[in-house]
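sequence first, predicted coordinates after that:
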Amino acid sequence: MCLRLLAAHNADIAGLGWQTGTVTGRPVLGSRQRRACCLCNAAGAFAYVQACVELLKPTGGKLHAFVASLPNHGSKALKMRDGSATNIGDKEKQQALLAQDNTYYTLASQAADYNVCIDVFLLPQAYIDVATFSSLTNTTGGSLYHYLPFNPLMDQDQLLNDLKWNVSRPQGLEAILRVRCSAGIDVESYVGSFYKPPTSPTDLYLAAIDCDKALVAKLVMTEKLSPNSEVYLQCALLYTTTDGARRIRISTLALPVSDQMGAVFKGADLDTQLASLTRQVAVTLPGGMTGAGKELILARITGILSAYRKYCATSSSSVQLILPEALKLLPLYSLALQKSPLLRPDVRIDERSLWIATMVSASCPRTLGLLHPRLFAVHQLIAAGSMPPAGHLPEQLVLSSEVLDQGGVYLLDNGADLLIYMDQEANDKLVQDVFGMPNMEALLRAPQPLPVIQQDNPASRLLFELLTALRLSRCAFMRLRVAKKGDPYYPLFVNMMVEDRSTAGMSYVEYLCHVHRQIQDKMS
């Protein structure tokens, strides 16, 4: 069950046990939102953040912390523990996904208790310990941004757009969330960015909540339910708008109870299944092993599909892999999850920590975008001469090198970055129109990062029209990088071809065969 902040409106809050004034002794914002900003150096990032939290305690509010390097001396200094060294084992790398100083979590808990949300902007050139800084954002409902390596010339647009969207997006402050269920159903646990004090068994405290985040509530059956009846779920969110008005949003859902497995699979939601599975993997990685995460994914997929074959497709031949219509892409997305930076073996500690922090609170569309990018053939768009009708994007391609044409130009969008790849056989005119360079040799010799500037020609204008459409669809600026063979961005492009066989795992066809064998073994 995914819970998201929707448009605010007034509603009756009688019976919820909440008040519109001071909430459990915690401050409530007035008519204007309080914000603080701190620029942290290597000597005292923790001290700066702590001072700003103390400043905001009387009123609550939002804190933007900008950190450019690892705070390796001064108060609560952090040690270098980059897991890229070859002499570090997998166990040590996974331990580095844990915060190395619990004082950061303690500070975040204090901030959340006083309705202070902490957003962290990391602008390093090397390792900066994302795992430790993520405890500040995940506990207070904040956002974590990471620009590596930060280049003021190339990254200023994304930084400014991220900051602008952070301030202007639909959001609520000093929120309390409660999920209530009818008899026979109960909430077992939550996963997301929130603070749950020991004295509050039912409520979640969110110093801030915004349209880019979601919470997952895991439900359990506490007693047998009667078929053909209904169960009821209610999510109540009490919060303050950025204008200082106290509001409540109540969403109630009635679900039918059925003893027919076919009805259950017919109503399955793929996005929610993927979000739940991804978060389950993410929360087990710090201190755990990547192998255990892959086994968890395979066990979940095998269990779901074997149950479908056992109860809904008994008449089908055992040599066929039968997939439910609503979940037919679940094996593809589970393979993409196994090949993501969450579980890929060649990933640096900071990148894996960033993915963990992101996936724990990401909305369903963002989770899907990060795991399974969108690939577009730019040269085909240029040949067509125009973008599709308003509101539509060009046809997406399968994420496999088999679809890449010789001499083609491709744009890949994963919700965080944009990569443009040009085959080495591309003609000189295409190189000139897109990159403003005389030929492919000049493009290959150009140093990275290579800026892509709009040229005065139809091909370049179409490319930038597509870039604008993708950025608007993601509500994110997304830095544009050029992937050329022989430079660091090319392996990133190749790793996102999730249907190909690679060092990260099997091809999609091989994975389907592997899942099928697992189902047969389970059924025998």
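Arrived safely. Residues are numbered from 1 along each chain as shown.

now do the helices in the stretch 351-500 of the chain.
Applying DSSP state H, counting those that start in this stretch to the stretch 351-500 of the chain gives helices spanning 364-371, 378-384, 428-435, 440-445, 458-474, 489-495.

how about the stretch 201-350 of the chain?
261-266, 270-284, 290-312, 330-338, 349-361.

could I get the average pLDDT for the helix or strand where Leu63 lies?
Using DSSP states H and E, Leu63 sits within strand 61-67. For strand 61-67, the mean per-residue pLDDT is 93.

over to stretch 420-439?
Here the average pLDDT along stretch 420-439 is 90.

export it to PDB, keeping only CA atoms.
Provided in PDB are the C-alpha atoms of stretch 420-439 (Å, rounded to 0.1, in the frame of the first residue of the first chain):
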ATOM      1  CA  ILE A 420      23.300  10.600 -25.100                       C
ATOM      2  CA  TYR A 421      25.200   7.900 -27.100                       C
ATOM      3  CA  MET A 422      26.400   8.200 -30.700                       C
ATOM      4  CA  ASP A 423      27.700   5.200 -32.500                       C
ATOM      5  CA  GLN A 424      31.200   5.500 -33.900                       C
ATOM      6  CA  GLU A 425      29.900   5.000 -37.500                       C
ATOM      7  CA  ALA A 426      27.700   8.100 -37.300                       C
ATOM      8  CA  ASN A 427      28.000  10.400 -40.300                       C
ATOM      9  CA  ASP A 428      29.800  13.700 -40.000                       C
ATOM     10  CA  LYS A 429      26.700  15.800 -40.700                       C
ATOM     11  CA  LEU A 430      24.900  14.200 -37.700                       C
ATOM     12  CA  VAL A 431      27.900  14.900 -35.500                       C
ATOM     13  CA  GLN A 432      28.000  18.500 -36.600                       C
ATOM     14  CA  ASP A 433      24.200  19.000 -36.200                       C
ATOM     15  CA  VAL A 434      24.000  17.500 -32.700                       C
ATOM     16  CA  PHE A 435      27.400  18.300 -31.100                       C
ATOM     17  CA  GLY A 436      28.700  21.200 -33.300                       C
ATOM     18  CA  MET A 437      31.900  19.200 -34.100                       C
ATOM     19  CA  PRO A 438      33.300  18.500 -37.500                       C
ATOM     20  CA  ASN A 439      33.500  14.700 -37.300                       C
END
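
helix, strand or coil for the residue nearest to Leu298 when sequence neighbours are not counted?
Once flanking residues are discounted, Leu298 sits nearest to Gln518: 6.6 Å by C-beta to C-beta, 6 or more residues apart in numbering. (C-beta placed from N, C-alpha, C; glycine too.) The three-state assignment at Gln518 reads helix, by DSSP: H, G, I helix; E, B strand; the rest coil.

do Gln94 as well
Put simply, Gln94 is helix when judged by three-state DSSP.

tabulate the helices of the stretch 201-350 of the chain (TSV), appending mean neighbour count.
TSV is the format used below for the helices of the stretch 201-350 of the chain (neighbours: other C-beta atoms under 10 Å):
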stretch	mean neighbour count
helix 261-266	15
helix 270-284	20
helix 290-312	17
helix 330-338	22
helix 349-361	23
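
related to what we said a few turns ago, out of the helices of the stretch 351-500 of the chain, which one sits most buried?
Counting by mean count of other C-beta atoms under 10 Å, helix 364-371 has the highest mean neighbour count of these, with a mean of 21.

of the helices of the stretch 351-500 of the chain, which shows the lowest average pLDDT?
helix 440-445 (a mean of 87).

what is that helix packed up against?
helix 428-435 (3 or more C-beta pairs under 8 Å, 6 or more residues apart in numbering; DSSP states H and E).

the helix it packs on versus helix 458-474: what angle between them?
40 degrees (axes from the mean of the first three to the mean of the last three C-alpha atoms, to 10 degrees).

who does helix 428-435 touch, helix- and strand-wise?
Going by 3+ C-beta pairs under 8 Å, 6+ apart, helix 428-435 lies up against helix 378-384, strand 417-422, helix 440-445, helix 458-474.

what is the second one packed up against?
Just to be clear, that refers to strand 417-422. strand 409-413, helix 428-435, helix 458-474, strand 479-483, helix 489-495.

the first one pairs with which strands?
Pointing back at strand 409-413 there. strand 374-377 (antiparallel), strand 417-422 (antiparallel) (DSSP bridges).

could those go into JSON lines alongside distance to Arg34 and mean neighbour count?
Supplementary listing: the strands paired with strand 409-413 in JSON lines, determined by distance: least, C-beta to C-beta, whole Å; neighbours: other C-beta atoms under 10 Å:
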{"stretch": "strand 374-377", "distance to Arg34": "39", "mean neighbour count": "20"}
{"stretch": "strand 417-422", "distance to Arg34": "33", "mean neighbour count": "22"}
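
now render the ones you listed as JSON lines, adding distance to Arg169.
Output for the strands paired with strand 409-413, formatted as JSON lines (distance: least, C-beta to C-beta, whole Å):
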{"stretch": "strand 374-377", "distance to Arg169": "22"}
{"stretch": "strand 417-422", "distance to Arg169": "20"}
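
contacting residues for Leu305?
By C-beta atoms under 8 Å, 6 or more residues apart in numbering, Leu305 lies in contact with 321-324, 327, 330-331, 515, 519.

repeat the analysis, applying 7 Å as the threshold.
By C-beta atoms under 7 Å, 6 or more residues apart in numbering, Leu305 lies in contact with 323, 515, 519.

ok, and the most crowded of these?
Ile519 (23 neighbours; other C-beta atoms under 10 Å).

does that one really touch Ser306, like I thought?
Yes: if you go by C-beta atoms under 7 Å, Ile519 and Ser306 touch, sitting 4.7 Å apart.

count the neighbours of Met80 for me.
Residues contacting Met80 under the criterion other C-beta under 10 Å number 10.

next, it: secondary structure please.
Following three-state DSSP, Met80 is assigned to coil.

I'd like to know how far it sits from Ala263.
55 Å (C-beta to C-beta, to the nearest Å).

check Ala442 too.
Counting by C-beta to C-beta, the gap from Ala442 to Ala263 is 61 Å.

before we move on, what about Phe194?
33 Å.

also Tyr511?
From Tyr511 over to Ala263 (counting by C-beta to C-beta), the distance is 28 Å.

doesn't Ser258 make contact with Glu230?
No: look at Glu230 against Ser258 with C-beta under 7 Å: they stay out of range, at 10.5 Å.

more neighbours: these two, which one.
Neighbour totals were compared for Glu230 and Ser258, and Ser258 leads with 15 against 12 (other C-beta under 10 Å).

local confidence estimate at that one?
Ser258 is given a pLDDT of 91.

Leu225 is in contact with that one, correct?
No: checked against C-beta under 7 Å, the pair Ser258 and Leu225 is beyond contact range at 9.5 Å.

poorly predicted segments of the chain, please.
Residues of the chain meeting the criterion pLDDT under 70: 1-33, 40-43, 82-91.

ok, now with 50
For the chain, the stretches with pLDDT under 50 are 1-32, 85-87.

hmm, what's the outermost residue in it?
Going by C-alpha atoms, centre = their mean, the residue of the chain most distant from its centre is Ser315, 39.6 Å out.

for it, give its distance to Ile322.
10 Å.

the closest residue to Ala183 other than its chain neighbours and Ser182, how far apart?
Excluding the flanking residues, the one nearest Ala183 by C-beta to C-beta, 6+ apart is Glu223, at 7.2 Å. To Ser182, Glu223 is 11 Å away according to C-beta to C-beta.
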